[in-house]
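Student: sequence first, then the predicted structure:
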Amino acid sequence: MLTQWPIQDAKNQFSKVVDIALKGTPQVVTRRGVPVVVMVAADQYALLTKKGQTKNGFASFLLSMPTGTDAPDVCGTGRDCGRTALELRDVEF
């Protein structure tokens with residue numbers, strides 16, 4: 001479990017909070033009992049922000065998804081399996 005510090009204690013013992021974070025244990029700072037900030041070492045932060053990051057962001061990632069004829073054969077039939085050709089039943093209202 002992460003160590004939690006009330007904001008006043010974190011301010012009073014800032015050097016200690018930083019030292020513990022530098023040793024690899026993230027430190028949580030709370031305000032009125034609610035976690036508001038997590039202090040981590042700069043190298044850990046760099047690793048966290050690089051994970052899953054795409055060159056131009058999430059929108060670019062979505063737009064790069066295969067569509068139409070370049071879509072992968074996910075159903076294993078060798079044909080487009082994006083939609084099922086089901087006959088719909090009549091529904092009375």
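Tutor: Thanks, I have the structure now. Numbering: from 1, shown residues only.
Student: all the strands of this protein, residue numbers only.
Tutor: Assigned by DSSP state E, the strands in the chain fall at 3-6, 27-31, 34-39.
Student: and the shortest one, C-alpha only, in CSV?
Tutor: Included here for strand 3-6 are C-alpha records, laid out as CSV according to Å, rounded to 0.1, in the frame of the first residue of the first chain:
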residue,chain,number,x,y,z
THR,A,3,2.1,5.9,2.0
GLN,A,4,-0.4,8.7,2.4
TRP,A,5,0.6,12.1,3.7
PRO,A,6,-1.9,14.8,4.8
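Student: kindly reformat the strands of the chain as CSV containing distance to residue 13 and mean neighbour count.
Tutor: Where you see a C-beta, it was placed from the backbone N, CA and C, and this is true even at glycine. As requested, the strands of the chain are exported to CSV (distance: least, CB to CB, whole Å; neighbours: other CB atoms under 10 Å):
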stretch, distance to residue 13, mean neighbour count
strand 3-6, 8, 16
strand 27-31, 10, 16
strand 34-39, 12, 12
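Student: can you redo these as a markdown table with mean pLDDT?
Tutor: Putting those into a markdown table (pLDDT from 0 to 100) gives the following:
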| stretch | mean pLDDT |
| --- | --- |
| strand 3-6 | 92 |
| strand 27-31 | 95 |
| strand 34-39 | 94 |
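Student: closest one to residue 63 among those?
Tutor: strand 34-39 (32.1 Å; CB to CB).
Student: and that closest one, what does it pack onto?
Tutor: Judged by 3 or more CB pairs under 8 Å, 6 or more residues apart in numbering; DSSP states H and E, strand 34-39 is in contact with helix 14-22, strand 27-31.
Student: JSON lines for the ones you listed, including distance to residue 48?
Tutor: Conversion of the helices and strands packed on strand 34-39 to JSON lines gives the following (distance: least, CB to CB, whole Å):
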{"stretch": "helix 14-22", "distance to residue 48": "13"}
{"stretch": "strand 27-31", "distance to residue 48": "15"}
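Student: fine, thanks again, bye for now.
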